[in-house]
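Q: With the sequence up front, the predicted model follows.
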Amino acid sequence: MIAFRMPSLGADMEDGTLRAWRVKPGDTVKRGDIVADVETQKGIIEVECFDEGVVHELLVKEDEKVPVDTALALLRGEGEALGPAAPGAAPVKKPVDGRPVEHVARREGPGAPAERVRATPLAKRLAQEQGIDLATLTGTGPDGAISKDDVEQAISARMAPPHAAKDKHHAFVEMISGAPTAPVDAAAGIRQAVAAAMAKSNREIPHYHLEERIDLRAALQWLAEANKARPVKEQLLPAVLLIKATALALRKVPDLNGWWVDGALQRKPEVHLGFVVSLRTGGVVVSAIHRADQLGLDELMRHLNELIPRARALKLRSSELSESTVTLTSLGDRGASVVHGVIYPPQVALVGFGGISEQPWAENGVIDARPVVTATLAADHRANDGATGSRFLRTLSDLLQTPGQL
């Protein structure tokens, strides 16, 4: 049997609510099939299957909220006989009596019986990092489980001066925890999710930052000529050149294309570029452009035209939210000249592009005005160093000088 589990759709995600099943027992599924709709702070996400088989049993009911990695359904291979799981197979965390199984921390005090402290994995990890004793907290999660919010409230209360503890505590809860005094709309929920991920990033990742001014005269001249032969709806935008050049540079400098997991860099063989999309109602989502280095410029443009509206409608698939290997943010033509990003864990790098503007440029003793973009890199010092980051930015600049080869 294969367990289909609640996926993690971001470093800040602890749980999700299964809103609808798209399959039933007896259905055959293959990799990439949409099997369920899950609600998170980022909206309703279409969850894909990453295995092949026949749906044997649905373990979670619709509208049930369960922690990340909880088994949602069991799949069996084609022709697999019904029976007990294979020896040595990992145990399946099944809901009991309609309630999700909580992760349990076990504590023992001197001369006291063992005490079971219910806590989610993220709450346990955060408490350990901050020196918070879980036994001193009151859980507000299902069945009294201690959640990330409960730990963050304890951290906030500990850091605040006594006379201001209450006000700061409430402000912290309203900003981060998702427990405000007024109802939270989708934009606020997304901002809370992003804030939680960025706070985690700043706590845990030793960032270093680099920037490079890049001459785009050759790239924009090539783009203008290429667009003359295209209908208006199929014309390429400068962002497509930046995306493709970034993806190719990552292929040449692979130490930036990976995840930091269990104290080590896991280089990823494929470049799944996370593209930041600004929402009309406020906030951002990051959607993955799979194998961006292998897509042609026209393919990338079509992909963006299809992806951005779905992102803004919060109708992304689970793989588009969870598989990015590096994030790219571009402020566009009217944006600020420089953007310094924060790495989205477990990734180890983020690439930023400011707005394109006409700036003085000196070359071969001659100064003239050229269209220039400032590219920035935020990278994880545990995974690489400034020499690696500098090589990436130089490679990126060189690729943009030969746009016809992208």
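A: Perfect, thanks for sending it.
Q: the helices in the chain, which residues?
A: With DSSP state H as the criterion, the chain has helices at 121-130, 148-159, 165-172, 186-204, 217-228, 238-252, 297-312, 318-322, 386-400.
Q: Give me the contact list for the shortest one.
A: Contact partners of helix 318-322, identified using C-beta atoms under 8 Å, 6 or more residues apart in numbering, comprise 7-10, 32, 38, 42, 45-48, 285-288, 290, 307. C-beta here means a position set from N, CA and C on the backbone, and glycine is covered the same way.
Q: related to what we said a few turns ago, worst average pLDDT in the helices of the chain?
A: Of all the helices of the chain, helix 165-172 carries the lowest average pLDDT, namely a mean of 36.
Q: the longest strand in the chain is where?
A: When the chain is parsed with DSSP state E, its longest strand is strand 366-380.
Q: how about that strand: buried residues?
A: Using 16 or more other C-beta atoms under 10 Å as the test for burial, strand 366-380 gives Arg370, Pro371, Val372, Val373, Thr374, Ala375, Thr376, Leu377, Ala378, Ala379, Asp380.
Q: So which other helices or strands are in contact with it?
A: strand 207-215, helix 217-228, strand 349-353, strand 357-363, helix 386-400 (3 or more C-beta pairs under 8 Å, 6 or more residues apart in numbering; DSSP states H and E).
Q: how far off strand 366-380 does the second one point, in degrees?
A: Going back to what we said before, that points to helix 217-228. For helix 217-228 against strand 366-380, the angle by axes from the mean of the first three to the mean of the last three C-alpha atoms, to 10 degrees is 90 degrees.
Q: If we go by neighbour counts, what in helix 217-228 is buried?
A: Within helix 217-228, the residues that count as buried by 16+ other C-beta under 10 Å are Ala219, Leu220, Trp222, Leu223, Ala226.
Q: packing partners for it?
A: Packing partners of helix 217-228 (3+ C-beta pairs under 8 Å, 6+ apart): helix 238-252, strand 366-380.
Q: what number of residues lie near Arg230?
A: Using other C-beta atoms under 10 Å, Arg230 has 12 other residues around it.
Q: Tell me if I'm right that Val47 and Asp33 touch.
A: No - Val47 is not in contact with Asp33 according to C-beta atoms under 8 Å; the separation is 9.9 Å.
Q: can I get the helices and strands packed on strand 366-380 in JSON lines with distance to Leu74?
A: Formatted as JSON lines, the helices and strands packed on strand 366-380 follow (distance: least, C-beta to C-beta, whole Å):
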{"stretch": "strand 207-215", "distance to Leu74": "42"}
{"stretch": "helix 217-228", "distance to Leu74": "51"}
{"stretch": "strand 349-353", "distance to Leu74": "37"}
{"stretch": "strand 357-363", "distance to Leu74": "56"}
{"stretch": "helix 386-400", "distance to Leu74": "43"}
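Q: which one of the ones you listed is the most hemmed in?
A: Greatest average neighbour count among those goes to strand 349-353 (a mean of 26), per mean count of other C-beta atoms under 10 Å.
Q: ok now that strand, how far from the chain's centre?
A: With C-alpha atoms, centre = their mean, to the nearest Å as the basis, strand 349-353 stands 14 Å off its chain's centre.
Q: Would you mind pulling the contact partners of that strand?
A: Against strand 349-353 from outside (C-beta under 8 Å, 6+ apart): 242, 246, 256-257, 326-331, 338-344, 373-380, 389, 396.
Q: Find me the pLDDT at Ala229, would you?
A: At Ala229, pLDDT is 87.
Q: How about Arg76?
A: Predicted confidence (pLDDT) at Arg76: the value is 88.
Q: tell me the contacts of the closest residue to it other than its chain neighbours?
A: Of all residues not flanking Arg76 in the chain, His56 sits nearest, at 4.7 Å (C-beta to C-beta, 6 or more residues apart in numbering). By C-beta under 8 Å, 6+ apart, the residues touching His56 are Met1, Pro25, Ala73, Leu74, Leu75, Arg76, Leu82.
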